[in-house]
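1. Just the structure for this:
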Amino acid sequence: MSEQRTEHVGVIIHTIDLEITSYLKHRLGQYQLAPEQHLVMALLLKQEGLTQIEIADQLRKDKSGLTRMLASLEKKGFIKRQGCPNDRRCTKVYLTEEGRALGGYIDMVTETTRELLERGFTKDEQDELVRLLMKLRENVQSAARMPQD
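-> Sure thing, here's the model as predicted:
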């Protein structure tokens, strides 16, 4: 007979998110980078010149929240935004020299965080965890699309 779980899955996931956020705040604080800004920087290190819409889609962020985040990164001198030549509504985002200079540190924090999260799991367990989390996300997304009572 299996032991009954007492903690709700949503609470566990929320607690893990808070712990990851706390860890990232500690690691990124010296550069005044918020954890979500770290995600933008990591994404731009892989592919510069993304549009704001592409960044929002990849990070699953609402456009107004992303606009504020990009304004903060721009004010800190880490990114620059440029309008698309053929579409006034389009804005592409690039790292500045200062932003690129942080690349090694951003990559190190990203890799260290990944290693921390995967520590003690076999490759098969990691794959299964990702599969289950993706299934959980799909469940929540489909519920969010359902009409309200």
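2. Buried ones in stretch 106-125, by neighbour count?
-> Residues of stretch 106-125 classed as buried: Ile106, Val109, Thr110, Thr113 (neighbour count, 16 or more other C-beta atoms under 10 Å). Bear in mind the C-beta positions are built from the backbone N, C-alpha and C, glycine included.
3. swap in stretch 69-78?
-> Buried residues in stretch 69-78 (16+ other C-beta under 10 Å): Met69, Leu70, Ser72, Leu73, Phe78.
4. Quick one: the strands in the chain, in order.
-> Along the chain, counting by DSSP state E, strands occupy 50-51, 79-84, 87-95.
5. Highest mean neighbour count out of those?
-> Ranked by mean neighbour count, these are led by strand 50-51 with a mean of 18 (mean count of other C-beta atoms under 10 Å).
6. what comes into contact with that strand?
-> The contact list for strand 50-51 (C-beta atoms under 8 Å, 6 or more residues apart in numbering) reads Leu43, Leu44, Gln58, Cys84, Cys90, Thr91, Lys92, Val93.
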